[in-house]
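Asks: below is the sequence, then the predicted model.
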Amino acid sequence: MTPRYPTSPMTPSHPTPAEIEKAIRNVPDFPKPGIQFKDITPVLADARLFSGAIDLLTEKFRPGDVDAVVGIDARGFIFAAAAATHLHAGFVPVRKKGKLPYQTHEQDYALEYGHATIAIHVDALHPGSRVLLIDDLLATGGTAAAAADLVEKLGGKILEVGFLIELSFLNGREKLKGRPIRSLVVY
């Protein structure tokens with residue numbers, strides 16, 4: 001991997017996924033008892049780790065390889081927008097139903113305790129658009145699969161689905177079968 005910024009004796013080395021993992025804070029019983037929340041804010045607050053995470057999420061691509069980076073509401077926006085800038089690509093938000101101002105396509109998906117709906121603007125992508133889909137966390141895979149379905153409904157070609165964190169014990173990859181997946185930190 002080529003670091004985004006050249007290193008020198010005054011520039012710290014590029015972070016490894018293990019260093020990124022070490023910075024992720026575990027918050028027990030948030031937002032409810034029994035949940036072990038993975039807090040990414042320490043990664044975001046450290047310029048070296050944040051920039052390194054973007055480099056790792058985009059390392060297979062160069063400017064011109066990707067037409068759009070699609071980010072999933074809400075923390076996925078942080079990584080997807082930075083990746084889009086890094087790749088000189090457009091940024092496309094996938095938001096919760098009712099949050100986008102123009103005409104949308106919507107996709108329902110199952111949650112642990114109910115349903116949710118996400119949306120994308122009808123003109124956000126064009127047939128054949130080369131897409132990198134990014135979110136902060138892969139858990140059960142429902143949200144990511146719904147977002148991927150929306151991208152494909154618009155004719156987008158998913159080059160990869162990238163995550164900062166994957167909770168492998170929840171088997172989210174199963175819902176993304178057939179799509180290349182990259183996760184930097186796997187629990």
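Replies: Perfect, thanks for sending it.

Asks: helix/strand/coil for the residue lying closest to Thr104 once chain neighbours are set aside?
Replies: Ranked by CB to CB, 6 or more residues apart in numbering and with sequence neighbours excluded, the top spatial neighbour of Thr104 is Ala119, at 3.9 Å. From N, CA and C alone the C-beta is placed, and that goes for glycine too. Of the three states, Ala119 takes strand under DSSP: H, G, I helix; E, B strand; the rest coil.

Asks: and what of Leu125?
Replies: Taking three-state DSSP, the label given to Leu125 is coil.

Asks: now Gly52
Replies: Of the three states, Gly52 takes helix under three-state DSSP.

Asks: which residues in this structure form strands?
Replies: When assigned using DSSP state E, the strands of the chain occupy the ranges 25-28, 36-39, 68-72, 90-96, 104-111, 114-121, 130-138, 157-166, 181-186.

Asks: for Ala68, give me its contacts.
Replies: Residues near Ala68 by CB atoms under 8 Å, 6 or more residues apart in numbering: Ala84, Ala89, Gly90, Phe91, Val92, Ala124, Leu125, Ser129, Arg130, Val131, Leu132, Gly156.

Asks: quick one: which of these is nearest His105?
Replies: Of all the contacts of Ala68, Ala124 has the smallest distance to His105: 8.8 Å, by CB to CB.

Asks: please name the nearest non-neighbouring residue to that closest one.
Replies: Val92 (4.6 Å).

Asks: what is the burial count for that neighbour?
Replies: Per other CB atoms under 10 Å, the neighbour tally for Val92 reads 24.

Asks: what sits against it?
Replies: Residues counted as contacts of Val92 (CB under 8 Å, 6+ apart) are Ala68, Val69, Val70, Gly71, Ile120, His121, Ala124, Leu125, Val131.

Asks: most neighbours out of these, which is it?
Replies: With neighbours taken as other CB under 10 Å, the top of these is Val70, carrying 30 neighbours.

Asks: wait, doesn't that one sit right on Leu132?
Replies: Yes - if you go by CB atoms under 8 Å, Val70 and Leu132 touch, sitting 7.3 Å apart.
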